[in-house]
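Colleague: sequence and predicted structure, then a few things I'm wondering about:
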Amino acid sequence: MLIRSRLAAALAAVLLASCGGGGSEPLVSSAGITSVKVMGDSLADSGTFEGLPGYGRIFSVQGSESEPNVIWTERTAAVLGAPQICNFFRFTGATFVVDPACSSFGVGGGRINNPADKGGANSPLSIPYQLATAATVNGSYSASDLLLIDGGGNDAADLVGAYLAAAKDSGASYQALLLTLLPLGTVGAVLPTTGGPEQAGGLYMQALADKFYDAVKTNALDKGAQRIALLNMPGITNTPRFQMVLASIEQAKGATARAQAEALFRSWISAFNQRLVAKVGSDTRVTVVDFFSSFDDQVKNPKQYGLTNVTTPACPATGVGSDGLPEYNFQTCTATALSAAPPTGVTDPNWWKTYAFADGFHPTPYGYQLLGQLVATSLAKAGWL
């Protein structure tokens, strides 16, 4: 009964805090949590690129009524009554600068295995680097600190992209990516066999989970962290961006090929998630938030979550990238602009508020609210709320 009551309180607080930017009374954490530290990718970015062309404060609709607590990390901090989230790293357009007063190290485009052409392992775009930097800045963690960590979506996109590029480069980029985490002997033995490229992708994702967990252990658990909420990898094939990729496969090769490709990519994500859970094991200092299952259920049963559209981005496309996929401008995708220009046949100015996706890859403020509720549920089950 105690867990159930805390869970209900947590959800109620998140729902209230999501309306109007967090004017409700925060919860008091039963675990004594008073500060929130963040590491991750665009889902956890509170303003790294703000002010640069094409970027807003967050990777979502700008200026919604949920400001200043829109993304899941901000909502969680608000619910706990922790200090306002702000970004440690800021990109000037030429270089990264830091704000030591801020506790969110998450950066849009962040990867667990960050490639050399995006700065490599010693860049804020590397999530292990974020973890190491946070450990250096904080020195050590205590029971009053809650760490919120996500990552993997961009890595999965890299793997899928390299795999699909094999038709053009004979698998060179795919092999090169595999070799960044897998031994040469393994790649050389597996890749040439029947079904080898597909099997190698699963091995890569397991190694990626190992790298993720090892970074968390070295830079957080071994530094005294006792409360870590670790998001597993979401199903990127659910996003409008990857639905377009799958549609192009279907157009070129048929429905069966599309279904096989989607099943393969999802199996790779499952390989990562299963390995991550296995690495965490019974460690009660870490709660793995099942973002994958929740995201899946939202797409399959949208009405149960109050969603009216789980396929079309709310933001208007502003162009087409070199990959043939739509591009979006978060700087101009504002709540005011969307409400003023509803889709054809729609008169409700609030139409976009129940969409799942802002662009082809990121949630709307309501999508972030749903993720915040999931995190609150996980924290309550862990006994931290």
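Modeller: Received the coordinates, thanks.
Colleague: next, V160: phi, psi?
Modeller: Phi and psi for V160, reported as degrees, to the nearest 10, are phi -60, psi -40.
Colleague: does it touch F242 like I think?
Modeller: Yes. The criterion here is Cβ atoms under 8 Å, and V160 meets it with F242 at 7.4 Å. The C-beta positions use only the backbone N, C-alpha and C, and glycine is treated the same way.
Colleague: overlap in contacts, those two.
Modeller: Common neighbours of V160 and F242 are listed as 236, 265 (criterion: Cβ atoms under 8 Å, 6 or more residues apart in numbering).
Colleague: strands of the stretch 1-150 of the chain, start to end?
Modeller: Along the stretch 1-150 of the chain, counting by DSSP state E, counting those that start in this stretch, strands occupy 35-39, 89-91, 96-98, 145-149.
Colleague: now tabulate those in a markdown table and tack on distance to V320 and mean neighbour count.
Modeller: Shown next, in a markdown table, are the strands of the stretch 1-150 of the chain (distance: least, Cβ to Cβ, whole Å; neighbours: other Cβ atoms under 10 Å):
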| stretch | distance to V320 | mean neighbour count |
| --- | --- | --- |
| strand 35-39 | 32 | 26 |
| strand 89-91 | 25 | 21 |
| strand 96-98 | 29 | 13 |
| strand 145-149 | 33 | 26 |
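Colleague: pLDDT below threshold where in this structure?
Modeller: 1-31 (pLDDT under 70).
Colleague: which residue is nearest the centroid of it?
Modeller: Central residue of the chain (Cα atoms, centre = their mean): L43, 4.3 Å from the mean position.
Colleague: residues contacting that residue?
Modeller: 59, 71-72, 106, 150, 153, 231, 362-363, 368, 371.
Colleague: show me what counts as buried in stretch 238-256.
Modeller: 238-243, 245-246, 249-250 (16 or more other Cβ atoms under 10 Å).
Colleague: quick one: M233 is in a helix?
Modeller: No. The assignment for M233 by DSSP: H, G, I helix; E, B strand; the rest coil gives coil, which leaves it out of any helix.
Colleague: and it, what does it touch?
Modeller: Applying Cβ under 8 Å, 6+ apart, the residues near M233 are 151-153, 156, 269, 272-273, 276, 291-292.
Colleague: try 10 Å this time
Modeller: 112, 150-153, 155-156, 205, 208-209, 212, 268-273, 276, 291-292, 295 (Cβ atoms under 10 Å, 6 or more residues apart in numbering).
Colleague: then T76?
Modeller: 10, 14, 17, 33, 36, 38, 69, 82, 85, 146, 148, 229, 371-372, 375-376, 379, 385.
Colleague: any idea how far it is from G306?
Modeller: 20 Å (Cβ to Cβ, to the nearest Å).
Colleague: G345 too?
Modeller: For G345 relative to G306 (Cβ to Cβ), the value is 21 Å.
Colleague: please enumerate the helices of this structure.
Modeller: For the chain, applying DSSP state H gives helices covering 2-17, 72-80, 127-138, 153-164, 166-169, 172-178, 184-190, 196-219, 240-253, 255-280, 291-300, 335-340, 365-381.
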